[in-house]
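> Build me a structure from this.
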Amino acid sequence: MYKQLIIRLFNIVIRPEKTWKACNDEQDNDNTDFFKSYLYPIFGIIALFSFVGILFYLKEWNVRIAIKQVIKETIPYFAGYFIAVFALSRLSATFFDEKPTNSVCERFTGYASAAVYVTAALYALFPFFPIIQVLTLYTFYIVWQGAVHYLRIKEQLLTKFTIFASILIILAPLIVRWALSLTMPD
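Sure, this is the predicted structure:
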């Protein structure tokens with residue numbers, strides 16, 4: 001299961017056009033398989049990498065701090081995903097005259113967030129390399145390819161949709177992280 005997850009994740013990042021075309025063949029109306037085999041394991045990997053990463057870089061073994069770090073690293077991506085899905089499904093109908101189903105928005109947001117999730121996992125494991133976070137900007141290309149091949153957005157709306165969806169996917173976890181930092185200070 002994890003081997004196929006890693007392959008799917010890196011295919012989205014490395015070959016988004018081909019992967020988005022393959023995603024068109026998925027027939028999962030309620031997204032049960034998508035959540036069980038892709039999204040929830042990704043959040044688990046981010047949590048695991050956060051836990052291991054903080055334990056490596058602490059001067060002393062402190063599980064309380066490690067668990068707190070796991071919460072701070074995982075919850076923003078989990079909540080940010082659902083915020084992005086909700087906003088994308090509601091606002092896409094008003095801005096783009098397209099009414100995608102909720103399951104399509106869920107899959108699109110999950111797959112389009114692949115660069116964000118890879119960046120989160122790598123940064124959780126290697127927090128002393130902040131340059132890793134620049135990889136998040138690759139989300140714009142993944143969203144562009146997904147809008148063309150998966151959602152089939154009209155060409156005149158493609159740039160507008162790509163900018164809107166990419167900023168939404170990137171900023172939703174950051175806003176949740178900021179709110180979480182207010183309620184859970186270091």
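
> If we ignore the residues flanking it in sequence, what's nearest residue 45?
residue 121 (5.6 Å; CB to CB, 6 or more residues apart in numbering). All C-beta spots, glycine's among them, are computed from the backbone N, C-alpha and C.

> That neighbour contacts residue 52, correct?
No. Using CB atoms under 8 Å, residue 121 is not in contact with residue 52, being 10.5 Å away.

> higher neighbour count, the two?
Neighbour totals were compared for residue 121 and residue 52, and residue 121 leads with 23 against 14 (other CB atoms under 10 Å).

> ok, now which ones touch the more buried one?
By CB atoms under 8 Å, 6 or more residues apart in numbering, the contact list for residue 121 reads 42, 45, 46, 49.

> How about residue 175?
Contacts for residue 175 (CB under 8 Å, 6+ apart) come out as 80, 83.

> gap between it and residue 37?
28 Å (CB to CB, to the nearest Å).

> who touches the least confident helix or strand in the chain by mean pLDDT?
Across the helices and strands of the chain, mean confidence by mean pLDDT, DSSP states H and E is lowest for helix 32-34: a mean of 83. With contact meaning CB under 8 Å, 6+ apart, helix 32-34 is reached by 26, 28, 106, 107, 110.

> Look at the second one and report its pLDDT.
Right, the one you point to is residue 28. For residue 28, the model assigns a pLDDT of 62.

> what residue ranges in this structure score low on pLDDT?
Scanning the chain for pLDDT under 70 picks out 1, 27-29, 94-98, 186.

> the helices in this protein, which residues?
All helices of the chain, identified by DSSP state H, fall at 2-14, 16-23, 32-34, 40-57, 63-96, 102-112, 114-125, 139-149, 155-183.

> Of all those helices, which one is nearest residue 132?
Of all the helices of the chain, it is helix 114-125 that lies closest to residue 132, at 4.8 Å by CB to CB.

> Now for residue 114: which residues touch it?
9, 12, 13, 142.

> With residue 20 instead?
By CB under 8 Å, 6+ apart, the residues touching residue 20 are 111, 145, 146, 148, 149, 150.

> tell me the two of those residues that are most distant?
That would be 111 and 148, which, of the contacts of residue 20, are the farthest apart (CB to CB) at 13.6 Å.

> what about these two, which has more around it?
For the pair residue 111 and residue 148, the greater number of neighbours falls to residue 111 (25 against 18), based on other CB under 10 Å.

> and the closest residue to that one other than its chain neighbours, what is it in contact with?
Once flanking residues are discounted, residue 111 sits nearest to residue 12: 5.5 Å by CB to CB, 6+ apart. Residue 12 is in contact with 19, 111, 114, 142, counting by CB under 8 Å, 6+ apart.

> Find the centremost residue of this protein, please.
Nearest to the geometric centre of the chain sits residue 113, at 3.0 Å (CA atoms, centre = their mean).
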